[in-house]
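K.L.:
following is a predicted model, sequence given first.
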Amino acid sequence: MNIKEIEQLIERYYEGETTLAEETLLKEFFSGDDVPEYLRQHQPIFRYFADEVSRTLNNEEQEKVLLRRIGQFEKEVSGSGMQPVQKRMYYLSGIAAGLLILFGLVFTFKNELSKRNHAGLVNPSTEVAYTQTKQALLLVSVGLNTGFDAVQRLNTLNNAMGQIQKINKFYNYQNQFINPERMQDPSTNK
């Protein structure tokens with residue numbers, strides 16, 4: 001086969017228009033040592049494919065590999081995301097932390113007001129105490145809302161990533177059944 005035909009086959013190969021027989025010719029050509037210098041950049045690709053064809057697994061090894069991958073997939077699917085009990089505990093711990101901060105602020109302001117009253121420095125009226133408490137509660141509310149917004153965004157992102165992982169796993173397993181020659185070597189299906 002002459003160099004012009006090889007160049008045309010390479011172009012057709014990269015366009016996805018070659019037949020299996022033509023790809024075999026390319027693999028044979030590039031596995032030899034008489035490849036011109038300007039075509040040597042394509043040589044590793046075809047040598048890789050030629051080497052991979054020679055690597056095969058027997059039926060027992062293929063079954064073991066397949067069962068191991070199915071087991072890994074089942075573990076990943078069943079173990080992905082938090083369990084409902086964990087989610088409830090996560091939210092409850094956030095609420096408990098918010099209430100703890102709220103009570104701490106209320107008692108701190110109450111203590112501060114009682115100290116001022118006992119010291120005789122300031123005699124605040126109920127309106128002043130009400131406004132200070134209102135400001136403290138608003139401050140806590142803003143902080144909690146910011147935290148809940150961040151948690152909600154993270155939860156949405158976590159759900160989306162879980163869905164993407166499921167789709168990716170499905171796609172990988174679909175390709176394994178559609179293209180069983182990829183199953184011959186576990187290193188090609190990562």
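P.N.:
Sure thing, it's come through. Residues are numbered from 1 along each chain as shown.
K.L.:
show me the shaky parts of the protein.
P.N.:
The chain contains residues with pLDDT under 70 at 1, 53-59, 77-84, 117-124, 180-190.
K.L.:
all helices of it, in order?
P.N.:
Along the chain, the stretches classed as helices by DSSP state H are 3-15, 20-31, 43-54, 59-79, 84-119, 126-178.
K.L.:
dump the ones you listed to CSV, plus mean neighbour count and distance to residue 37.
P.N.:
Glycine gets a C-beta too; all of them are placed from N, C-alpha and C. Conversion of the helices of the chain to CSV gives the following (neighbours: other Cβ atoms under 10 Å; distance: least, Cβ to Cβ, whole Å):
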stretch, mean neighbour count, distance to residue 37
helix 3-15, 13, 12
helix 20-31, 15, 13
helix 43-54, 13, 10
helix 59-79, 12, 40
helix 84-119, 12, 61
helix 126-178, 12, 36
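K.L.:
against residue 155, how distant is the residue positioned nearest the centre of the chain?
P.N.:
Closest residue to the average C-alpha location of the chain: residue 161 at 5.4 Å, with Cα atoms, centre = their mean. Here the criterion is Cβ to Cβ, to the nearest Å. By it, residue 161 lies 11 Å from residue 155.
K.L.:
repeat that for residue 178.
P.N.:
Distance of residue 178 to residue 155, given as Cβ to Cβ: 35 Å.
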